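Q: Structure for the following, please:
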Amino acid sequence: MATALAGPVVSGSGYEFGMTTTRPSTPARARLTRRGRILLLAALVAITFAVFSLGRVSGNADNTGASTTTSYVKVVVAPGDTLWSIARAAHPGQDPRNYVQRIVDLNSLSSSDVRVGQVLSLPK
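A: Below you'll find the predicted structure:
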């Protein structure tokens, strides 16, 4: 009885006619060109910049919330009062120039003139 061969027929020194050989396939390696490396570096720099920018924005958001919690005192201008006298009464023993400027800025005053009965907000 004859036996059938399931694989290719190999003779002593070579392959039989019609057979092809293939090399075992090796996985293809990704190679970056110079342009690809530059683009990859630019993308990493952009991502890093975006992360730090978002960190700064969220950090500033926390600070702005703290500055809005400043409390104010309402004062009614009496006869003879000036911003200078109000500032000296609010912060005795200190130079009133900076405090006068803060009062002007806070109340959006166009000048340092005040009227009797005018309500001013003073920062604490």
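Q: Without its sequence neighbours, what residue ends up closest to Pro96?
A: Setting aside the residues directly before and after it, Pro96 is nearest to Ala87 in space (C-beta to C-beta, 6 or more residues apart in numbering), at 3.7 Å. For every residue, glycine as well, the C-beta is placed using N, CA and C.
Q: What is the neighbour count of that neighbour?
A: Neighbourhood size, Ala87 [other C-beta atoms under 10 Å]: 21.
Q: right, and it touches Tyr99 too?
A: Yes - using C-beta atoms under 8 Å, Ala87 makes contact with Tyr99 at a distance of 4.2 Å.
Q: and the host helix or strand of Val51, what's its mean pLDDT?
A: Counting by DSSP states H and E, the element that carries Val51 is helix 34-67. For helix 34-67, mean pLDDT is 79.
Q: picking up where we left off before, mean confidence for the one helix or strand the residue nearest to Pro96 maps to?
A: Using DSSP H and E, the element containing Ala87 is helix 83-90. Helix 83-90 comes out with an average pLDDT of 89.
Q: Could you export that helix as CSV, CA atoms only?
A: In CSV, the C-alpha atoms belonging to helix 83-90 read as follows (Å, rounded to 0.1, in the frame of the first residue of the first chain):
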residue,chain,number,x,y,z
LEU,A,83,-11.7,111.6,51.7
TRP,A,84,-8.5,112.4,53.6
SER,A,85,-10.3,112.7,56.9
ILE,A,86,-12.3,109.6,56.2
ALA,A,87,-9.2,107.6,55.4
ARG,A,88,-7.3,108.9,58.5
ALA,A,89,-10.3,107.9,60.7
ALA,A,90,-10.6,104.4,59.1
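Q: Excluding chain neighbours, what is closest to Cys32?
A: One thing to correct before we go on: residue 32 is Leu, not Cys. Leu32 sits nearest to Leu40 (C-beta to C-beta, 6+ apart), 6.9 Å away.
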